[in-house]
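Asker: Need coordinates for the below:
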Amino acid sequence: MTLTEEEMNKIQQYLRQLFWNPDINIHPGTAKDSPAEVYIGKEFVGVIYKNDDEGEISFDWNMSILNEDIEQF
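Answerer: Below is the predicted model:
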């Protein structure tokens, strides 16, 4: 399911408050029915899917971490 603009704004505010980071932004997916995209500044960090399970709405944030991104640690 596609997130509405209102849902994206609410999730964006929630994540900004949760992580104390005003640079978190959520944008619509690039294609119809694609998940919303999460950015910190200009860095893409994941996608958010909307789920409807018998009328109960939830949102799943999927963040992939590449091995090459953590090799320095």
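Asker: only C-alpha atoms for contact and neighbour calcs from this point on.
Answerer: Will do.
Asker: which stretches of the chain form strands?
Answerer: 24-27, 36-40, 43-53, 56-62 (DSSP state E).
Asker: could those go into TSV alongside mean pLDDT, distance to residue 13 and mean neighbour count?
Answerer: What follows is the strands of the chain, written out as TSV (pLDDT from 0 to 100; distance: least, CA to CA, whole Å; neighbours: other CA atoms under 10 Å):
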stretch	mean pLDDT	distance to residue 13	mean neighbour count
strand 24-27	97	9	21
strand 36-40	97	12	20
strand 43-53	95	14	15
strand 56-62	97	14	11
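Asker: Nearest to residue 10, out of the ones you listed?
Answerer: strand 24-27 (9.8 Å; CA to CA).
Asker: Strand partners (parallel or antiparallel) of the closest one?
Answerer: Neighbouring strands of strand 24-27 in its sheet, by DSSP bridges, are strand 36-40 (antiparallel).
Asker: what does the strand it pairs with contact?
Answerer: With contacts defined as CA atoms under 8 Å, 6 or more residues apart in numbering, strand 36-40 is touched by 2-3, 8, 23-29, 44-49.
Asker: how far is stretch 22-35 from where the chain is centred?
Answerer: In terms of CA atoms, centre = their mean, to the nearest Å, the centre of stretch 22-35 is set 7 Å apart from its chain centre.
Asker: Redo the strands of the chain as TSV? Include distance to residue 18.
Answerer: Output for these, formatted as TSV (distance: least, CA to CA, whole Å):
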stretch	distance to residue 18
strand 24-27	11
strand 36-40	14
strand 43-53	16
strand 56-62	14
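Asker: Please identify which of the ones you listed is closest to residue 73.
Answerer: From the strands of the chain, taking CA to CA, the stretch that ends up closest is strand 43-53, at 18.2 Å.
Asker: quick one on the thing from earlier: between which two of the contacts of strand 36-40 is the distance greatest?
Answerer: 2 and 23 (22.8 Å).
Asker: Neighbour count for those two, which is higher?
Answerer: residue 2 (18 against 13; other CA atoms under 10 Å).
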